[in-house]
Every structure is written in C-alpha cells, then in structure tokens.
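In: Below are the sequence and a predicted model for it; my questions follow.
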Amino acid sequence: MTLRTAEAYLRGLRDGRVVYFRGERVPDVTAHPFLRLGAEHTALDFHLAEDAAYRDLVVVEDPDARRPISRYFLIPRNAGDLLARHRLIETVTRAGQSFVPLVKEIGTDALFALMIVGAHLERAGASYLERVRRFYAHCRDGDLTMAGAQTDVKGDRTLRPHQQPNPDAYVHVVEERGDGVVVRGAKAHTTNAVFADEIIVLPTRAMGPEDRAFAVAFAVPANARGLRFIASPRGFSARSVFDNPLSAPRKTVESLTIFDDVFVPWERVFLNGEWQAAGALAKIFVEFHRFTAISYKPPLLELLLGAAALMAEYNGIAAAGHVRDKLAQLVMYLETVRGLTKAAAQGCRLREGIAVPDVALTNAAKYYFAWHYHEMVRAVQDIAGGLVVTAPMEEDWQNPETRRDMERFFTGSGGVSAEDRLRAANLVRDLTASDLGGYLEVLAIHAEGSLETQKLTVLMDTDLEPYKAYAKRVAGIAAEAGTPARVPHG
Ligand SMILES: Cc1cc2nc3c(=O)[nH]c(=O)nc-3n(C[C@H](O)[C@H](O)[C@H](O)COP(=O)(O)OP(=O)(O)OC[C@H]3O[C@@H](n4cnc5c(N)ncnc54)[C@H](O)[C@@H]3O)c2cc1C
C-alpha cells in the first residue's frame, strides 16, 4: 500500500467512534460544523504528501519496507534523519498557519520509545518487541494517524497511582483474559485523538511494585468498544476569520479520552505490569516528543515576530529604540529555540539503533521556549497598542456607515489602509489576547510536560561528577582515584 489520500484519511474517521462535543454525541466528526475544521487541518499531512512542492520532504523511501512511506514513520538512525524530521514538522506547521497537525508526529514518537523499551524488556525476558514492530508496520503500511495518550487525570499529584482514592485516576488493567486485557480509566488533554485512527496509550510516570496494574501501554483503534471522547473547543471558539484569522478557520481539539472497560488483544499490549519499565518508557517518549515540540514551535514564534514588526511599521514606530530592542529579542528567542533544536539533532545518541535527540539540549529548548513565552507576548502587545483589544468587530466593518468611520480613523503610518491595520491588530489579538491567546500561553507552559519536568529530565540525564571534578581541580582540591578527567563536551 502507498500513502493514503486526504480523502481516504477523512473517510476512515467515519467509523462509529463515540465523540461528544458540547453535550451532544457527534455522529460524524468530518461533517460536524466545528470538528470538521479540525479534521481538515489534520488532513494537511496528506495534502502535502500529494503536493509536488512538499513531496520530497513528506515522502521518503523506507530502507526496510523498500518503498515510499510517510517520513514520520522513518525510524531515525542518525542526525540527518532527525534534522529532516525537524524540517518536516516545522514546514507542515508553517503550512498549518502555526498549528501542528499532531496525528503522526506524537504517534511515531510513541512508537520509537516503545521500540527502545521493548528491546530492553526483551533482554529482561519480556517479549513485547515483536508486537511493537508488527504494530509499527501496521501503522506505517496503512499510513495511519495515531494520537498519543500519556497524561492521566491523576487526582492528587502527591499520591502514587495505587494510593489514589479514585482507583481510575490512572489508566489500569482491570482484567486479564486468555486473549488480552481489559483497561479502565481516562487520559486527559489528548490532542486530536478524535481525528486519529489509533490511540497509543503510555504510562505517564515512574511506578512502584504496588502500581503494577497501572504500568500498562497499548494501542486501540479510535472506534474500540468502551472508548469515548469528550472533545473540547477551548482556544478555538472564534468564528469570524476577519476578527480571528488563526483560530476561526483552523481547530485543534483536545479530549478527555475515556476507557470504560476497553478490551485490548494481546498483540496490541506493549507493557503489562512491568512497573520497572514504566518510568523509562515515559521518559524516552518525552525525549522524542519534546523534540517534536521544539520543532513545531518556531512557526508560532515567526508569527509573533512578523505580527510585531508589521504593527511597528503600521504604527510608525519601527525605528524607535525600544521597539528595535523588542524585535531583536523576538528574533533571538526564535533563533535560540531553532538553533537548540538543530543542535539536539546533531548531538543525538543511538539507543537500540535509534537516534535519540540530545536530551539536555532538547529540554533546554523546550524550557527556554516556555519560560520566555509570556515575556515575548508582552513585547508584541506593547508594540501593537490597545487597538488589539478595542477594535470594532467584523459586523461593524460590514456595515457601510460604521465602515466609513473605521476607514477614516484607523489608517496607519505611510498611508496604510485601515483594513490592513485592523487585520494586523486582529492577528495580534488572536495570537495573544483571545481565547486562542490564553490557550497558547497555557500550552506553552504545560504541553509536552510542565516546566519542572524539563529540569527533572535534564538532571536525570546529566552526570554532575565530571563538573565537580573540574571544579575541584581548579580549586586545588585533591581528586579521588577514578574521577573523570574531562567534562563531557570539553
Ligand atoms: C494544549 C495541551 C495539549 C496537550 N496534549 C497532550 C497529548 O496529546 N497527550 C498527552 O498525553 N498529554 C497532553 N497534554 C498534557 C500535558 O503533557 C500536561 O498538561 C502536562 O504534563 C502537565 O500535567 P497536568 O496538566 O496534569 O498538570 P500538573 O502535572 O498537575 O501540573 C500543575 C502543577 O503541579 C506541579 N506538580 C505536579 N505534580 C507535582 C508533585 N508531585 N509535587 C509538586 N508539584 C507537582 C507541576 O510542576 C505544575 O506546577 C497536553 C496539554 C496541553 C495544555
């Protein structure tokens, strides 16, 4: 089978999946007035594969399958593969007006992590690797879309899964049968799961021996019996493309993904009770997934920079010192995130033959992006002015009487028309001060793991001993035998 068309992908979503939206059951996500826009957005990967301008980036000859596959499925073997993956994600996101489709990116991140952990488990006597490989081939050969459902609803964050008063706070196995397992619980915030063919479920944290039932990874089709989604429109409530040029025409949809005694056949179970592997699987998944994250962030930062520069020009302040200072900071912010991402690809390490992006650089990029995001939004809002939140709306623009006033009073510097200036201000509002603007701020902090998790990951992955030994040498403190002589990058 070759790559699917966008039409075939959308047809596949009409499979009886149980989706609720604003209190109502949705019979067909591709026909629903809101969700349809989300499905059309996630179809972007398929459209680009058919477009001659993008085909070489999206489609690649697979050395294993010996035929063209979607590049997302290419198992990265070196820095070049990771750099091409980064370029693909950045390009698709830019084509999506700064919104990543996230129906192949996150699923393949999960598959690569399952392959690495599967190889470890194989050596420890647990045979999951062959199942993972078969499931990977099923997704690759069918050119399928996959959501990644990792984040549990969790309940009390200080309690371990088995200690939770609500036994369903973490997805867990409630029954083992001859032919598979039955799982119960819910995953939160699952992006675009309602537009995916498969839902890949991973543990969200390290587990102890009493958490055995919660140490579970598996995949189910989106129309599996007992699986249902409560889809959220948050961030994307806008309808007018004039007022909200980003969030009105495109939608991203998170869901509460509920597993109400869902049966999973053995060939789709990738972890079942091996609690020692849960933390490693969670961590290796985010090592790939944060690389995906920092690959899809730049187009949003490009838009922030572009919108700020445009408003500076339209308001006649482009040459002002404080404006140039803020624009320079926006450029450095963008290029630091992108530069760290490329460096993370170049510094990859092979694990089980799969190239894993440099962990410290990936997490540094994600953290740097998240920590400075609100500061950059402040710079854009400062440059753009109050019109961003006080401008009359599209209805006023459509009424000839009020439009005349708007045309008279909202013209910009150098003869810029009121319409262009309003459109630029509307872009800034949608990016920074709308339903979407608030959503993007929370996304910056929490998506792909909240701030503290990046610090935890960096410290877990960094051996501090060589640095201490270096400090000792410089301080004149006697070194103990066997301490490393050089810092890792020295
Ligand atoms: C837009 C968006 C899209 C997302 N998409 C996906 C997706 O597709 N798939 C998926 O699986 N997940 C997804 N997520 C989930 C995301 O990974 C989580 O939101 C993130 O990991 C934080 O988890 P949380 O929301 O439960 O917040 P919490 O983990 O509850 O974090 C809130 C605060 O509590 C702190 N905290 C948590 N536990 C402790 C503790 N034990 N001790 C001290 N402090 C603690 C945190 O550091 C943070 O400051 C998405 C999130 C967003 C916002």
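Out: Yep, that arrived. Everything numeric here is computed off the predicted structure, so don't read it as measured data. Numbers count the residues shown, from 1 in each chain.

In: So what does whichever residue of the stretch 1-150 of the chain sits closest to the ligand have for phi and psi?
Out: Among the residues of the stretch 1-150 of the chain, Gln150 lies closest to the ligand, at 3.4 Å counting by C-beta to the nearest ligand atom. (Each C-beta comes from the backbone N, C-alpha and C, glycine too.) Geometry field for Gln150 lists phi and psi as phi -110, psi -50, criterion degrees, to the nearest 10.

In: pLDDT at it, what is it?
Out: On pLDDT, Gln150 comes in at 98.

In: Pull up the gap between the residue nearest the centre of the chain and the ligand, please.
Out: In the chain, the residue lying closest to the centroid (C-alpha atoms, centre = their mean) is Ala293, at 5.0 Å. In this view, Ala293 and the ligand are 10 Å apart by C-beta to the nearest ligand atom, to the nearest Å.

In: sorry, back to before: hmm, the residue of the stretch 1-150 of the chain closest to the ligand is touching Phe285, no?
Out: Yes. Using C-beta atoms under 8 Å, Gln150 is in contact with Phe285, at 6.6 Å.

In: where does this structure have low pLDDT?
Out: Where the chain drops to pLDDT under 70, the residues are 1, 481-490.

In: how about the residues of it near the ligand?
Out: Counting by C-beta under 6 Å from any ligand atom, the positions of the chain adjacent to the ligand are 106, 148-151, 154, 157-158, 187, 189-191, 254, 442-443, 446-450, 452.

In: From those, list just the buried residues.
Out: 106, 148-151, 187, 189-191, 254, 443, 447-449 (16 or more other C-beta atoms under 10 Å).

In: in the stretch 301-450 of the chain, which spans are strands?
Out: 349-351, 354-356 (DSSP state E, counting those that start in this stretch).

In: Which of those strands has the highest mean neighbour count?
Out: Mean neighbour count, computed with mean count of other C-beta atoms under 10 Å, is highest for strand 354-356 among the strands of the stretch 301-450 of the chain, reaching a mean of 20.

In: Just the residues contacting that strand, thanks.
Out: The contact list for strand 354-356, computed with C-beta atoms under 8 Å, 6 or more residues apart in numbering, reads 75-79, 81-82, 112, 115-116, 284, 287-288, 348-350.

In: Assign Thr204 to helix, strand or coil.
Out: coil (DSSP: H, G, I helix; E, B strand; the rest coil).

In: That one is in contact with Tyr170, isn't it?
Out: Yes. Thr204 is within contact range of Tyr170, at 7.4 Å (criterion: C-beta under 8 Å).

In: Identify the contacts common to the two.
Out: Asp152, Lys154.

In: so what's Gly438 closest to, chain neighbours aside?
Out: With sequence-adjacent residues excluded and distances taken as C-beta to C-beta, 6 or more residues apart in numbering, Gly438 is closest to Gly235, at 7.3 Å.

In: Surely the one you found is within a helix?
Out: No. Gly235 is assigned coil when assessed by three-state DSSP, not a helix.

In: wait, what's in contact with it?
Out: With C-beta under 8 Å, 6+ apart, Gly235 has these contacts: Ser247, Thr252, Asp435, Leu436, Gly438, Tyr439, Leu440, Leu443.

In: Could you do Phe34 as well?
Out: With C-beta under 8 Å, 6+ apart, Phe34 has these contacts: Phe21, Pro233, Phe236, Lys251.

In: ditto for Glu287
Out: Contacts of Glu287 (C-beta under 8 Å, 6+ apart): Ala113, Val356, Pro357, Val359, Thr362, Thr457.

In: quick one: contacts of stretch 122-133?
Out: In contact with stretch 122-133 (C-beta under 8 Å, 6+ apart) are residues 111, 114-115, 118-119, 121, 266-271, 274, 277.
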